[in-house]
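> here is the input, now give the coordinates:
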Amino acid sequence: MDEQTFRRLAPDAVAGRLDTATYERWKAATGENPERASFVVRVAEADAKVSGIYEAIKPVQAREPSRRVPKRTAVVMALAISLLGLLAGALAMHSYIRSQKRIDDNKAALLPPANETKAPDNTPVETPPENTPLDNSPPPTNTPDDPPIKTDPVPNSDPPKAMDGFRLLDGATGLVSVRGEKDDRWQRLEPGQVLKDGDSVSFNETGVARFTAPGLSLSMQQPAQFEYRDGVVRFTNGRVVVRATTDWNFSCYKTTWGSLGGAFIVEPRKLGGELFLLEGGVIVGNSVYTDALQITLDGSGNYHELTPEQIRTLESELLGPHSMLLRWDGEAKETTPAYCALIEPGALGDGHALTRKPGDPGIGVTPSTAVFTAESNARLRMRVKTNAARLRIEFRVHLESGFRVVDALVDVPPAESWTVVDVPLEALRAGRSRDEPGWLPGREYSAFLVVPAADPAEPLARHELQIDDLLVYAAD
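You can find the predicted model right below:
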């Protein structure tokens, strides 16, 4: 045992084993020489053995005192414990975030598609005072007992993405401006320029502006605004004529709807608006509407049927700016052809319609009657009810060498109800078996006739035919 250890352990080892005098001698000796102190203890023990006298001995256990930890080591250990705590907290937070994401994904999987359930939170922009073009329109009424729901609710498919977005067509009159989703500046929109997703469009002057996209066309004849985002057209101001040949989604204030193909006019306002359905059908909520209706776009679901006068006025607006070449409505002598008989009511439930009279070649005018001078892009529009699969429209065009008979075949859906036929007159040909064009702008046309086309399966069958509201027009 070295001296230093002896000095530490000796007091505990001899305490209680020596008498008082010897213990004091030992303490004095330890300060001078450990070996001398050890000698003192051995002499005292030997003396006790000889004399047989021992004092009480205490049960003492010698222990090596605990060692002190250096300060630097304590600091390092504290830092290590802190880092371990931070790492454990980070791992726990990461696990929590991942579990929350899995929960949110499961919730999203259980929800129906967004385009069926989500109602856009549209905040309408400030608009000028509303103008109501139909002053004689009756106010919207509550939903009638028998709503015009024709079919079961049809799930609305995802709207087609415009391949090149919207394009402003040439010939726009008035200022057309565009503003990006993240741009507060309005810039002039040039004809042919493609709209980007999220763009807002403003038509600020009275005139004509037309936009087109795959399966959709918009026409504005007065100040109006709309927004194009994610394949959905959101109307915010003005009055817009819409024609859709494919499924498209639209919104206005709190109402969203999908088009089943057809035509309508929408007039948005600050707290709602009106939708005037004229052709085809729309899906509003869970209902399918196919009649001529005025639907309120304030979320109430109110609607009512349009009057015949309203329908004719709105159809004229639907055609856009145009010139009228010929009109037959059967209500006045100057608008009633020679070959026909009058029946009532007409196609819209008022007035008269024209029907084929026995012995007449069809519905039309005599060969000597001039009807109009042809113009480019002219079209024929009329309401038809017939059991024939096709109609034949026939004219005489006057040339320097005389006249030429031209005609065209028009397919019509065989039905017992009225349907609208709208065809371009460029389909006319100089005889069914020749390729010469039959529509020559600037030439005089006469002897207009509408007849059911012969059915090769039943060549001797006589088909019924009724027409109403016939119009030959050319877009301006």
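> where does the prediction get shaky in the stretch 351-476 of the chain?
431-433 (pLDDT under 70).
> which parts of it are strands?
353-355, 363-364, 370-373, 378-386, 390-399, 402-411, 419-424, 444-452, 465-475 (DSSP state E, counting those that start in this stretch).
> chain center to the longest one, what's the gap?
Its chain's average C-alpha position is 36 Å from that of strand 465-475, according to Cα atoms, centre = their mean, to the nearest Å.
> what lies in contact with stretch 338-345?
Residues outside stretch 338-345 that contact it (Cβ atoms under 8 Å, 6 or more residues apart in numbering): 330, 336, 351-357, 360-366, 369, 449, 466. (Each C-beta comes from the backbone N, C-alpha and C, glycine too.)
> let's go with 6 Å and repeat that
330, 352, 353, 354, 355, 357, 360, 363, 364, 365, 366 (Cβ atoms under 6 Å, 6 or more residues apart in numbering).
> now do the buried residues in stretch 351-365.
351, 352, 353, 354, 355, 356, 360, 362, 363, 364, 365 (16 or more other Cβ atoms under 10 Å).
> wait, which of the residues you listed is closest to residue 417?
Using Cβ to Cβ, residue 353 is the member of the buried residues of stretch 351-365 that lies nearest residue 417, at 12.8 Å.
> average pLDDT across stretch 319-334?
Throughout stretch 319-334, pLDDT has a mean value of 89.
> measure it end to end?
By Cα to Cα, to the nearest Å, the extent of stretch 319-334 from end to end equals 23 Å.
> offset the numbering so it begins at 307, please.
New numbering, starting at 307: the last item is stretch 625-640.
> what's it in contact with?
Contact partners of stretch 625-640, identified using Cβ under 6 Å, 6+ apart, comprise 514, 525, 641-643, 648, 657-658, 660, 677-678, 775-782.
> any of these buried? List them.
Here, 16+ other Cβ under 10 Å leaves 514, 525, 643, 657-658, 660, 677-678, 775-780 buried among those.
> which of those sit farthest apart?
514 and 658 (33.7 Å).
> what are the ranges of the strands in the stretch 457-606 of the chain?
Counting by DSSP E, counting those that start in this stretch, the strands of the stretch 457-606 of the chain are 473-474, 482-485, 493-494, 506-509, 515-519, 522-526, 530-535, 538-543, 546-550, 554-558, 561-575, 578-590, 593-595, 599-602.
> now residue 696. Nearest residue, chain neighbours left out?
Distance criterion Cβ to Cβ, 6 or more residues apart in numbering; nearest residue to residue 696, sequence neighbours excluded, is residue 759 at 4.0 Å.
> distance of that neighbour from residue 771?
Relative to residue 771, residue 759 is positioned 10 Å away (Cβ to Cβ, to the nearest Å).
> more neighbours: those two, which one.
Neighbours were counted for residue 759 and for residue 771 using other Cβ atoms under 10 Å; residue 771 has more, 21 against 18.
> mind listing what the more buried one touches?
When contacts are counted by Cβ under 6 Å, 6+ apart, residue 771 touches 662, 692, 758.
> report the residue spans of the stretch 307-456 of the chain with pLDDT below the cut-off.
Counting by pLDDT under 70, the stretch 307-456 of the chain contains low-confidence ranges at 307-325, 337, 351-375, 402, 404-456.
> of the strands of the stretch 657-782 of the chain, which approaches residue 600 most closely?
Closest to residue 600 of the strands of the stretch 657-782 of the chain is strand 725-730 (Cβ to Cβ; 18.5 Å).
> hmm, who's touching that closest one?
685, 686, 687, 688, 689, 690, 716, 718, 719.
> quick one, that strand and strand 750-758 angle?
140 degrees (axes from the mean of the first three to the mean of the last three Cα atoms, to 10 degrees).
> okay, now the sheet partners of strand 725-730, with direction.
strand 684-692 (antiparallel) (DSSP bridges).
> buried sites along the strand it pairs with?
Quick answer for strand 684-692 (16+ other Cβ under 10 Å): 684, 685, 686, 688, 689, 690, 691, 692.
> now do the closest residue to the fifth one other than its chain neighbours against residue 574, distance only.
Spelled out, it's residue 689. Closest residue to residue 689 apart from its sequence neighbours, by Cβ to Cβ, 6+ apart: residue 653 at 4.1 Å. As judged by Cβ to Cβ, residue 653 and residue 574 stand 30 Å apart.
> what's the neighbour count on the residue lying closest to residue 511 once chain neighbours are set aside?
Among residues not flanking residue 511 along the chain, residue 480 sits closest, at 3.5 Å (Cβ to Cβ, 6+ apart). By other Cβ under 10 Å, 15 other residues sit near residue 480.
> now swap in residue 334 and tell me
Residue 334 has 12 nearby residues by other Cβ under 10 Å.
> per-residue pLDDT of the nearest residue to residue 584 once chain neighbours are set aside, please?
Spatial nearest neighbour of residue 584, excluding adjacent residues (Cβ to Cβ, 6+ apart): residue 569 at 5.3 Å. At residue 569, the model reports a pLDDT of 94.
> next one: residue 479
84.
> residues near it, how many?
There are 12 residues near residue 479, going by other Cβ under 10 Å.
> quick one, what contacts it?
513, 514.
> and which of the contacts of residue 771 is nearest residue 595?
When these are compared for distance to residue 595 (Cβ to Cβ), residue 692 wins out at 25.8 Å.
> OK, contacts around residue 600?
So residue 600 contacts 580, 582, 610, 612 (Cβ under 6 Å, 6+ apart).
> compare those residues and tell me which has the most neighbours.
When neighbours are counted by other Cβ under 10 Å, residue 582 leads the contacts of residue 600 with 25 neighbours.
> so that residue bridges to which residues?
Assigned bridge partners for residue 582, using DSSP bridges, are residue 571, residue 600.
> how's this structure carved up into domains?
309-357, 473-624, 628-781 (automatic domain parsing).
> go through these and pick out the most buried.
domain 473-624 (a mean of 18; mean count of other Cβ atoms under 10 Å).
> centre of the chain versus that one, how much separation?
14 Å.
> how much space between residue 608 and residue 542?
For residue 608, the distance to residue 542 equals 21 Å [Cβ to Cβ].
> repeat that for residue 393.
Residue 393 is 53 Å from residue 542, by Cβ to Cβ.
> and whichever strand or helix holds residue 329, what does it pack against?
According to DSSP states H and E, residue 329 maps onto helix 326-338. Other helices and strands packing on helix 326-338, by 3 or more Cβ pairs under 6 Å, 6 or more residues apart in numbering; DSSP states H and E, are helix 340-357.
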